[in-house]
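Asks: Give me a model of this one.
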Amino acid sequence: MNLLRTKSIEQSIADADEPGRKLKRSLSTWDLMIMGVAVAVGAGIFSVGAKAAANFSGPAVTLSFAIAAITCALAIMCYAEFATAIPVAGSAYVFTYATMGELLAWIIGWNLILELFTAAAVIAKYWGIYLSKVFALMGADIPPAVSLGGVDLYWGAFLIVAVFTVLLVLGTKLSARVGNIFTLIKIGVVLFVIVVGFTYVKFENYAPFIPAAEPTGGTGAADVLKQSFFGFLTGAAPAQYGTLGIFAGAALVFFAFIGFDVVATSAEEVKNPQKTLPRGIFGGLALVTLLYILVSLALTGMVSYTQLAEAENPTLTTAFEAVGDTSAAKIIAFGSLVGLTTVIMVLLMGLSRVVLAMSRDGLLPRALSKTSEKRSTPVRLQIICGAAVALVAGLTNVDLLEEMINIGTLSAFVVVSLGILVLRKKRPDVKPAFRVPFGKVLPVVSALLCLYLMTNLAVETWIFFAIWLIIGLAIYFAYGQRHSRLNERFSAASASVNGPAAGGSTAAATERDDEDEFTRA
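Replies: All right, here's what the predicted structure looks like:
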């Protein structure tokens, strides 16, 4: 099989209309914009920004957010051009399949699964912890985990994943409506944080705006694994702050912008995607970037970054407690809980849509791509994804893999950015409703920025990433390559030279056998 064989745009669109595997177009520009805000305004704004300021950037965390936003905006432009040309579920996976071939498409799809699955599990676990904090503020001592046979079970993760799995099974539009309500509440909480936070700002806390680089204080293996991959490659001693600290902070807070590639996975469920997708994506990105920068300015102006660094797990609550405003801390705890709620919903939806697209193509079992006739949602797949996320979030120390979310996202951004150039060259006849300006310049800049941010992630993250890729390649060559529908079509076309009926029946029989085999399992 030719591993670089591509799937045509026309075939991708035709597969999206396959009976029994179709999704319903029900989302508007407003729904998409709120979806992007819903998944972005969560862990990023309530915790990651404080962590980046404390450990990497200091007050210059504002610049870290700006760099991450610019990188995201450039990549999202490429997503928007692709999504208006190929408006089907699957996001970067589908785009890569149409431009760079099946093997790279599998790798990107596998990385998207890494991003969405890990993010959903990590945030579901955090949600349970925040729920216990809210109970504690109300005077009820309910621990986030219970011990079962020596294993800590985070019950909150099971609860929230179960609720949103049911909502997503019932319908994307219903889920979006529930998400809209939660999102508007947490935007209100964020605005409260900004307004109240600025009343405590002391301008001396902004100095030095870019703290001088300083060593982390260790040279052992653990310190080397925690330093940036860029620092490791250049032979620099493990350090924090300084100019490189701004980029390390940007690599970390990039987690706060992962929502916008998830929005692109919903392209198949959008009404009038050629106009709706660009408006929804860019509107959400602009609003989120403004909120992040204002919050980071309030945070680092309220307390010194050195004070944040003293906390074991610095958050916005840390800053308000430091200035003695415990009532605001309670509101932030509630806002964090609401904020994380909608993030989990969008990530669960994005995960199922990526797996749906890959299973339609036969790279994963075809039975996974079945949708409900009544609700036009992938019921079986959504339940499987929800159960897997709940088990990992509730039973494992998944938060150790937090940076894996970023590296999975950034790798997809690099390929999508370069893929635009390939698409334009291979299919000059395709005229997407949105086109990245300035010709080849911005897609190349986007790819380079994303790649550079990847190198600012920790060495151990790259090691875990390499292991994940090896596992993915093993699955592809053991299953995906042999069951690929594109491979079947090619084989059937080749066989038609000698006997078209035999070739067609063989492909159909193989597909039926795949589904029967999965159902039995």
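Asks: which stretches of the stretch 151-300 of the chain form helices?
Replies: Taking DSSP state H, counting those that start in this stretch as the criterion, the stretch 151-300 of the chain carries its helices at 155-170, 172-198, 221-226, 229-234, 242-253, 259-264, 273-302.
Asks: swap in the stretch 351-500 of the chain?
Replies: 379-395, 402-426, 441-455, 459-475, 481-483, 485-495, 500-520.
Asks: So for Thr99, which of the helices of the stretch 151-300 of the chain sits nearest?
Replies: helix 259-264 (15.0 Å; C-beta to C-beta). The C-beta positions use only the backbone N, C-alpha and C, and glycine is treated the same way.
Asks: ok, back up a step: most packed of the helices of the stretch 151-300 of the chain?
Replies: Compared across the helices of the stretch 151-300 of the chain, helix 259-264 shows the largest average neighbour count, a mean of 28 (mean count of other C-beta atoms under 10 Å).
Asks: Kindly provide the whole-number mean pLDDT of that one.
Replies: Mean per-residue pLDDT for helix 259-264: 68.
Asks: what does stretch 70-77 give?
Replies: Here the average pLDDT along stretch 70-77 is 85.
Asks: circling back to that earlier point, tabulate the helices of the stretch 151-300 of the chain (TSV), appending distance to Glu81.
Replies: Output for these, formatted as TSV (distance: least, C-beta to C-beta, whole Å):
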stretch	distance to Glu81
helix 155-170	28
helix 172-198	24
helix 221-226	37
helix 229-234	29
helix 242-253	24
helix 259-264	11
helix 273-302	9
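Asks: Pick out the shakiest of those helices, pLDDT-wise.
Replies: helix 221-226 has the lowest average pLDDT among the helices of the stretch 151-300 of the chain, namely a mean of 64.
Asks: closest one to Leu116 among the helices of the stretch 151-300 of the chain?
Replies: Judged by C-beta to C-beta, the one of the helices of the stretch 151-300 of the chain that comes nearest to Leu116 is helix 259-264, at 6.9 Å.
Asks: Lowest average confidence across helices and strands of this protein, where is it?
Replies: Ranking every helix and strand in the chain by mean pLDDT, DSSP states H and E puts helix 500-520 at the bottom, with a mean of 43.
Asks: re earlier: so which of the helices of the stretch 151-300 of the chain is nearest Pro378?
Replies: Closest approach to Pro378 among the helices of the stretch 151-300 of the chain (C-beta to C-beta): helix 155-170, 8.7 Å.
Asks: what helices or strands is the closest one leaning on?
Replies: Packing partners of helix 155-170 (3 or more C-beta pairs under 8 Å, 6 or more residues apart in numbering; DSSP states H and E): helix 102-137, helix 172-198, helix 326-360, helix 379-395.
Asks: Go through those helices and name the closest to Asp15.
Replies: Proximity to Asp15 (C-beta to C-beta) singles out helix 326-360 among those, at 5.4 Å.
Asks: Give the buried residues for that closest one.
Replies: Counting neighbours by 16 or more other C-beta atoms under 10 Å, one finds that the buried residues in helix 326-360 are 328-360.
Asks: Also stretch 301-321?
Replies: By 16+ other C-beta under 10 Å, the buried positions in stretch 301-321 come out as 301-305, 308-309, 311, 314-321.
Asks: Do I have it right that Ala85 meets Leu423?
Replies: Yes - using C-beta atoms under 8 Å, Ala85 is in contact with Leu423, at 6.9 Å.
Asks: between those two, what contacts are shared?
Replies: Val430 (C-beta atoms under 8 Å, 6 or more residues apart in numbering).
Asks: wait, which of the helices of the stretch 151-300 of the chain is closest to Ala387?
Replies: helix 155-170 (7.8 Å).
Asks: Other residues contacting that closest one?
Replies: By C-beta under 8 Å, 6+ apart, the list of residues contacting helix 155-170 from outside reads 120-121, 124-125, 127-129, 131-132, 144-146, 174-175, 178, 341, 344-345, 348-349, 352, 372, 375, 377, 379, 382-383, 385-387, 389-390, 393-394.
Asks: angle of that helix against helix 172-198?
Replies: Per axes from the mean of the first three to the mean of the last three C-alpha atoms, to 10 degrees, the angle that helix 155-170 makes with helix 172-198 is 140 degrees.
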